[in-house]
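Peer 1: here is my input; please provide its structure:
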Amino acid sequence: MKIIILESPFLPPPPNFKPKPKPKSINPDKIPIKSSIHPDPWSLSDGNNISKPKPKSRNPKNPLSDDNARRIIIAKARYLSLLRKHQGPQAQTPKWIKRTPEQMVQYLEDDRNGHLYGKHVGAAIKRVRGLAGKKNEERDMRLLMSGFVGKLSFREMCVVLKEQKGWREARDFFSWMKLQLSYHPSVIVYTILLRLYGQVGKIKLAEQTFLEMLEVGCEPDEVACGTMLCSYARWGHHRAMFSFYSAIKERGIVVSIAVYNFMLSSLQKKSLHRKVIVLWRQMVEKRVAPNNFTYTVVISSLVKEGLREEAFKTFNEMRTIGLVPEEVIYSLLITISTKNSNWHEAMRLYEDMRSHRIVPSKFTCASLLTMHYKTKDYSKALSLFTQMQSKKIAADEVIYGLLIRIYGKLGLYEDAQKTFEETEQSGSTE
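Peer 2: Modelled structure (predicted):
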């Protein structure tokens, strides 16, 4: 009973209690073995010098002697990967690696020879492309791809889908792709399919694919939404385009400037200049930075709608941020300036264009010649025509008609007759 109380865990041990040490067992039959880096001098010689120590182990615990370099590299790579992951979709990571000309040649050779993605991926791409032109009864994707089950990763299946040229092959392969164990719903694969459908005008299939993406729980990003908007714009479905654009605005998704340019250009081709201006103003509210193409389309639509002051204001904004306008913009603004008898503004635009070494078109030259004819500045008109000839700008019947009238005003009837004959020879007049 006394022993039980002393060994109880709820009581402290007695102060003078010291366990007796166990006596060392002496076994006369056991021989002590001591290790040493030096070989036993009494053993048989193996031909090595016994004064030298043994070599280090081939598999030590820390194989690197250069400050654990490999371990540091792996840890840094792990850290950078985690950093990119936490940055989210807005991570500023380079998408392309710069290649030397020799590496680029090898890259193209690998692409031609099917080594770019691996032989099995290249074989899968060719196998699926082989269905092009076959009837629906002969398009058994499961039987065709039976040899690739379990051999393609999700990323490799995305590559096979992206490399398809026909929408039917892409549709059938995507159906087979969803049956594989390595597949998981992703906005990337749906975006690839949306782009393929949009390129051939399969808008209904694209809409069904987008709804399926929402049903499986994939949240569309700006790339997927931009792909749908470009598909609508490409095929002139402007009502559906604006409806979809309003929906993504409510979700807070802002598409890129490339998508805005695609929509603006599509609207302008259909002469929907009012809608171009509305979309432009919404883009400015979203603080999307326009580029040279954006300004060209918008200023052209503003001029067509008669919004002269806003067109010049937009032009000045373009010049303020350092963008150089195209010749089309200069031509439009010079034309409306000459029509409104704003000669000073027209000449300022022309000098600005010359400072950027932009060659004027024949329409710009015709507007300037008209201005000089109305202001009776015939010397500048003839100087402009000389510049046209030096820059090999082809003259049309409007320019020849102005020249004949200017020669007539100056009394240069021989030059007028010569110009008229040149007009007949060039076929400018009937």
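
Peer 1: what's in contact with stretch 157-171?
Peer 2: The contact list for stretch 157-171, computed with CB atoms under 8 Å, 6 or more residues apart in numbering, reads 117, 121, 124-125, 128-129, 131-132, 139, 152, 173-174, 177, 180, 182-183, 188-189, 192-193, 196-197, 200, 202, 205. All C-beta spots, glycine's among them, are computed from the backbone N, C-alpha and C.

Peer 1: so what's the gap between it and the chain middle?
Peer 2: The chain centre lies 20 Å from the centre of stretch 157-171; the measure is CA atoms, centre = their mean, to the nearest Å.

Peer 1: for that stretch, what is the average pLDDT?
Peer 2: For stretch 157-171, mean pLDDT is 93.

Peer 1: so where's the stretch 101-250 of the chain uncertain?
Peer 2: In the predicted model, the stretch 101-250 of the chain carries pLDDT under 70 at residues 107-116.

Peer 1: now do the phi/psi pair for Ser361.
Peer 2: Here is the backbone geometry of Ser361 (degrees, to the nearest 10): phi -80, psi 170.

Peer 1: quick check: it vs Ala394, distance?
Peer 2: To Ala394, Ser361 is 10 Å away according to CB to CB, to the nearest Å.

Peer 1: so which of the two has more stuff around it?
Peer 2: Neighbour totals were compared for Ser361 and Ala394, and Ser361 leads with 15 against 11 (other CB atoms under 10 Å).

Peer 1: wait, the more buried one sits on Ile329?
Peer 2: No: under the criterion of CB atoms under 8 Å, Ser361 is not in contact with Ile329, lying 11.6 Å apart.

Peer 1: contact partners for Val149?
Peer 2: When contacts are counted by CB under 8 Å, 6+ apart, Val149 touches Gln180.

Peer 1: related to what we said a few turns ago, now, of the contacts of stretch 157-171, which are buried?
Peer 2: Neighbour-count burial within the contacts of stretch 157-171 applies to 117, 121, 124-125, 128, 131, 152, 173-174, 177, 180, 183, 188-189, 192-193, 196-197, 200, 202, 205; the criterion is 16 or more other CB atoms under 10 Å.

Peer 1: just give the nearest non-adjacent residue to Ala346, would you?
Peer 2: Distances taken as CB to CB, 6 or more residues apart in numbering place Ser337 nearest to Ala346, at 4.0 Å, with adjacent residues excluded.

Peer 1: what lies in contact with the strand or helix carrying the one you found?
Peer 2: Using DSSP states H and E, the element containing Ser337 is helix 327-339. For helix 327-339, contacts defined as CB under 8 Å, 6+ apart pick out 295-296, 299-300, 303, 308, 311-312, 315, 343, 345-346, 349-350, 352-353, 358-361, 363-364, 367-368, 370-371, 374.

Peer 1: and that helix, how far from the chain's centre?
Peer 2: The chain centre lies 34 Å from the centre of helix 327-339; the measure is CA atoms, centre = their mean.

Peer 1: in the helix or strand where Met388 lies, which residues are buried?
Peer 2: Secondary structure from DSSP H and E places Met388 in helix 378-390. Within helix 378-390, the residues scored as buried using 16+ other CB under 10 Å are 378, 381-382, 384-385, 388.

Peer 1: so what does that helix touch, helix or strand wise?
Peer 2: Applying 3 or more CB pairs under 8 Å, 6 or more residues apart in numbering; DSSP states H and E, we find helix 378-390 packed against helix 362-374, helix 397-410.

Peer 1: may I see those helices organised as CSV, with mean neighbour count, mean pLDDT and distance to Cys225 added?
Peer 2: Shown next, in CSV, are those (neighbours: other CB atoms under 10 Å; pLDDT from 0 to 100; distance: least, CB to CB, whole Å):
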stretch, mean neighbour count, mean pLDDT, distance to Cys225
helix 362-374, 20, 88, 39
helix 397-410, 18, 80, 47
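
Peer 1: what's the closest of those to Pro101?
Peer 2: For Pro101, the closest of those is helix 362-374, at 40.9 Å, according to CB to CB.

Peer 1: list the contacts of the closest one.
Peer 2: The contact list for helix 362-374, computed with CB under 8 Å, 6+ apart, reads 327, 330-331, 334-335, 338, 341, 343, 346, 350, 353, 360, 378, 380-381, 384-385, 388, 393-396, 398-399, 402-403, 405-406.

Peer 1: touching, Ala224 and Val187? I think so.
Peer 2: Yes: checked against CB under 8 Å, the pair Ala224 and Val187 is within contact range at 5.6 Å.

Peer 1: neighbour count: those two, which is higher?
Peer 2: Neighbours around Ala224 and Val187, counted as other CB under 10 Å, are more numerous at Ala224. The numbers are 23 against 16.

Peer 1: and the helix or strand that one falls within, C-alpha only, in CSV?
Peer 2: Assigned by DSSP H and E, Ala224 belongs to helix 222-234. Output of helix 222-234 as CSV, limited to C-alpha atoms (Å, rounded to 0.1, in the frame of the first residue of the first chain):
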residue,chain,number,x,y,z
GLU,A,222,-13.0,39.2,-68.2
VAL,A,223,-11.5,36.9,-70.9
ALA,A,224,-14.5,34.7,-71.2
CYS,A,225,-16.9,37.6,-71.2
GLY,A,226,-14.7,39.5,-73.7
THR,A,227,-14.8,36.4,-76.0
MET,A,228,-18.6,36.4,-76.0
LEU,A,229,-18.7,40.1,-76.7
CYS,A,230,-16.3,39.7,-79.6
SER,A,231,-18.4,36.9,-81.0
TYR,A,232,-21.6,39.0,-80.9
ALA,A,233,-19.7,42.0,-82.5
ARG,A,234,-18.1,39.9,-85.2
